[in-house]
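[1] Sharing a sequence plus its predicted fold:
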Amino acid sequence: MQSTHHFLSLIVPSYKKEETIVSNIRRLQEVLNTVRYDHEIIVVVDGMVDKTFQKLKKAKLDKTTILAYKRNQGKSYGLRVGMRHAKGDYVMFIDAGEEIDPNGISMLLEHMEWYEADIIVGSKRHPASIVHYSVARRILSLGYYILVKMLFGITIKDTQAGIKIFRKKVISKVLPRLVEKRFTGDLEILVVARRLGFKRMYEAPIKLNYHFAGLSSAATLSTIWGMFIDTMAIFYRDKLLDYYSYPTKRSRIGRTIKKIVPGPYMHVGQNTSQ
């Protein structure tokens, strides 16, 4: 029996997932039906580049809202779109696909209650996590943790795993200040939340199985470089401009983004059967 004490909004950013997205969402529904909170799923289709949106609409998924826009803008942009539409007092996101075991959702929810947390971060580097990825990627993850700790003083050991949960009050304060669109939106949320005084951040174990190409692939090297550049941009805004402390500073950048990214939504589909 589900409790009405909390309402969970689960955001699923998706890009080029036409082959797996429907089964992915049905699996998430199965998991959410076992937790004690009522819920909604918000699928954000990051660019109309394949048939992901059409397959979601045809599937008529219960308690599911589908948001889509024409051009690919990046995962972090998609998360912001989903957050704007979230109705829950708990707002969670999980990457589309089969790499992160969705059974970890209940673990993050329990951690929110145990710690009375503002934010719970699913972490590959938690001692109880079960992860399958290469030694090279483990070294890269450790190096990024050291960089983040040096730059921002954040002690979370894994800021980039694609599953996190927030109280709505955190999202309400943080969302107007966010800028990142692609590689480091997860980190930016944590940096801004910490800047605004939300320091009850804790890690929870996850089960994860990566299916990425080797570190030598051009796409992976481009992603690593993009993450570094975006991380330094967050550092510049946070430490040198003090940008995140004053949302009014966002006005000019916000207007610029609006010109570049018109819309923002080309299609909105809703299936909210109870």
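    Nice, I can see it. Please read these numbers as outputs of a predicted model, since none were measured by experiment.

[2] the strands in this protein, which residues?
    In the chain, the strands defined using DSSP state E lie at 3-14, 37-46, 64-69, 90-94, 119-123, 130-132, 163-167, 201-205, 207-209, 267-271.

[3] Parallel or antiparallel, which strands does the fourth one pair with?
    On the basis of DSSP bridges, the sheet neighbours of strand 90-94 come out as strand 3-14 (parallel), strand 163-167 (antiparallel).

[4] if we can go back for a sec, where among the strands of the chain is average confidence lowest?
    Note on these: lowest mean pLDDT is at strand 267-271, with a mean of 49.

[5] if you compare the strands paired with strand 90-94, which one is most tucked away?
    strand 163-167 (a mean of 25; mean count of other C-beta atoms under 10 Å). The way it works is simple: take the backbone N, C-alpha and C, and place the C-beta from them, glycine included.

[6] Return the distance of that strand from the chain's centre.
    8 Å (C-alpha atoms, centre = their mean, to the nearest Å).

[7] what does stretch 139-159 give?
    That offset, for stretch 139-159, works out to 18 Å (C-alpha atoms, centre = their mean).

[8] which residues are in contact with it?
    121-126, 160, 186-187, 190-191, 194, 201, 203, 215, 224, 227, 231, 234-235, 238-239 (C-beta atoms under 8 Å, 6 or more residues apart in numbering).

[9] Mind checking which of these land in helices?
    Using DSSP state H, the subset of these located in helices is Asp186, Leu187, Leu190, Val191, Arg194, Ile224, Met227, Thr231, Ile234, Phe235.

[10] Next up, the contacts around the second one.
    Going back to what we said before, that points to Leu187. Val148, Thr159, Gln160, Glu180, Thr231, Ile234.

[11] do the third one as well
    Contacts were defined as C-beta under 8 Å, 6+ apart; by that measure Leu190 touches Ile119, Val121, Ile154, Ile156, Thr159, Met201.

[12] coming back round to it: show me which of the contacts of stretch 139-159 are buried.
    Buried by 16 or more other C-beta atoms under 10 Å: 121-126, 160, 186-187, 190-191, 194, 201, 203, 227, 231, 234-235, 238, out of the contacts of stretch 139-159.

[13] where does the stretch 1-150 of the chain have low pLDDT?
    Within the stretch 1-150 of the chain, the ranges that satisfy pLDDT under 70 run 1-4.

[14] again, 90 this time
    The model of the stretch 1-150 of the chain has pLDDT under 90 over residues 1-5, 60, 97-98, 132-141.

[15] Specify the beta-bridge partners of the most centrally placed residue in the chain.
    Centroid-nearest residue in the chain: Phe93, 4.7 Å away (criterion: C-alpha atoms, centre = their mean). Beta-bridge pairing for Phe93 (DSSP bridges): Ile11, Lys164.

[16] Does it touch Leu8 like I think?
    No: look at Phe93 against Leu8 with C-beta atoms under 8 Å: they stay out of range, at 11.2 Å.

[17] ok, back up a step: ok, so of the contacts of Leu187, who is nearest Thr20?
    When the contacts of Leu187 are compared for distance to Thr20 (C-beta to C-beta), Gln160 wins out at 21.4 Å.

[18] nearest residue to that closest one other than its sequence neighbours?
    Asp186 (5.6 Å; C-beta to C-beta, 6 or more residues apart in numbering).

[19] now Leu28
    Pro102 (5.3 Å).
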